[in-house]
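J.: just need the structure, nothing else, for what follows:
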Amino acid sequence: MADLRRTKLYDLHVAHGAKMVPFAGWEMPVQYPMGVMGEHQHTRAHAGLFDVSHMGQVILRGEGVAEALETLVPADILGLKQGRQRYGLFTNDTGGILDDLMIANKGDHLFLVVNAACAEQDIAHLRQLEARGITVTPVTDRALLALQGPQAEAVLERLVPGVAAMKFMDVAEFDWQGATLWVSRSGYTGEDGYEVSVPEAQAVAFAGALLDQPGVAWIGLGARDSLRLEAGMPLYGHDMDAGTTPAAAGLGWSIQKVRRQGGAREGGFPGAETVLGELAEGPARTRFGLRPDGRAPIREGVTLFDASEGGAEIGKVCSGGFGPSVGGPIAMAILPAALAEGDTVWAELRGKRVAVTVTALPFHQPSYKR
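T.: As a prediction, the model looks like this:
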């Protein structure tokens, strides 16, 4: 794994018994001695600490930066207030999704967090804004930690007084022992929590201070995946990609009224005609939750049919596994939009078809602080 990158916290993961695996060009912890099931339940009950330093952090500066970013992202960036952040998508000319990202308004600049696997291409994509006078600066000297779970607020407030007053999707800066922390009240688990960008020089000390708090444990990529699946959150490269439109991915909610047909700033982003047409008319296909009968999980790639025998292939599972908090197997797939909650489809497992019930998302109700 010599060609894989390592986060500043690599040695700390190893010291805590992490099993390290290749992920998006990085060597990352997939699980710790507690195991994926234990880590999942720990996050739901206490506070889980995730190293997400592999994600791309980018700063955009310049006059008209919000208007400029709206040419690439179908979201209301001009209306994003200082101290708030918003989920957004990069789209391509056919309306497909190049990546999903978080966008924060920090007053004199925008701060973006993009997916690790797409970071290089996203930064190259953003550089077209330089022609509009926008400076694109990848952040290379900061780690990123996520603290998630019902005890996250109390834990972080003890170390960083003031964070408890933040609401879901607020962003703010705080001092911790001379280091400036960039804090957002957000995450990827369906639990209340925070993401904290910390200077690399203080990353090990800050992570150690969090781990010293009662109720805090390292959580790996395995439980991160089961947590986000229960929360009905799509994962780039699985539940959406360059061939999947926002409506098909079930992400139409991320496109505000002002950017839709009839809105004050309708369109103006790549693939707008396709994307907005689907939102107005309704997509032919969209993302659904699935609950298989029995205990056997249906995983990514499993083919789905509209009948127990014969019939037509109607899609493939995008994400699937066991939901520890749900107590059974769960999955997501992009299927004909005419399907409804309670309908049955069939998954082909080892040559046999298993009944699967179409369900609403999420499987586990989020507990964000509104």
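J.: going by C-alpha atoms from here, please, whenever you check contacts or count neighbours.
T.: Noted.
J.: how about the longest strand along the chain: buried residues?
T.: Looking across the chain with DSSP state E, the single longest strand is strand 313-323. By neighbour count, with 16 or more other C-alpha atoms under 10 Å as the criterion, the buried positions of strand 313-323 are I314, G315, K316, V317, C318, S319, G320, G321, F322, G323.
J.: same deal with stretch 36-55?
T.: For stretch 36-55, the neighbour count (16+ other C-alpha under 10 Å) marks 36-44, 46-55 as buried.
J.: contacting residues around it?
T.: Residues from elsewhere that reach stretch 36-55 (C-alpha atoms under 8 Å, 6 or more residues apart in numbering): 7, 9, 26, 31-32, 113-116, 119, 142-152, 191, 211, 215-220, 222-224, 226-227, 324-325.
J.: stretch 119-131 too?
T.: The contact list for stretch 119-131 (C-alpha under 8 Å, 6+ apart) reads M55, G56, V58, A68, L69, D99, V114, T135, V136, P138.
J.: ramachandran angles for the first one?
T.: Per-residue torsions, M55: phi -70, psi 150 (degrees, to the nearest 10).
J.: how about it, nearest residue that isn't a chain neighbour?
T.: Take M55 and drop its neighbours on the chain: the residue closest to it by C-alpha to C-alpha, 6 or more residues apart in numbering is A116, 4.3 Å away.
J.: about what we covered before: just the buried ones from the contacts of stretch 36-55, in ChimeraX syntax?
T.: Selecting only the buried entries of these in ChimeraX, with 16+ other C-alpha under 10 Å as the criterion:
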select :7,9,26,31,32,113,114,115,116,119,142,143,144,145,146,147,148,149,150,151,152,191,211,215,216,217,218,219,220,222,223,224,226,227,324
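J.: for whichever helix or strand comes after the longest strand of the chain, output the C-alpha coordinates as CSV.
T.: The helix or strand immediately downstream of strand 313-323 is strand 328-336, counting by DSSP states H and E. Extracted in CSV, the C-alpha atoms of strand 328-336 (Å, rounded to 0.1, in the frame of the first residue of the first chain):
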residue,chain,number,x,y,z
GLY,A,328,-32.6,-6.5,9.3
PRO,A,329,-31.3,-6.1,5.8
ILE,A,330,-31.9,-2.9,3.9
ALA,A,331,-31.0,-1.6,0.5
MET,A,332,-31.6,1.2,-2.0
ALA,A,333,-32.1,1.1,-5.8
ILE,A,334,-33.2,3.4,-8.6
LEU,A,335,-36.4,1.9,-9.9
PRO,A,336,-39.5,2.9,-12.0
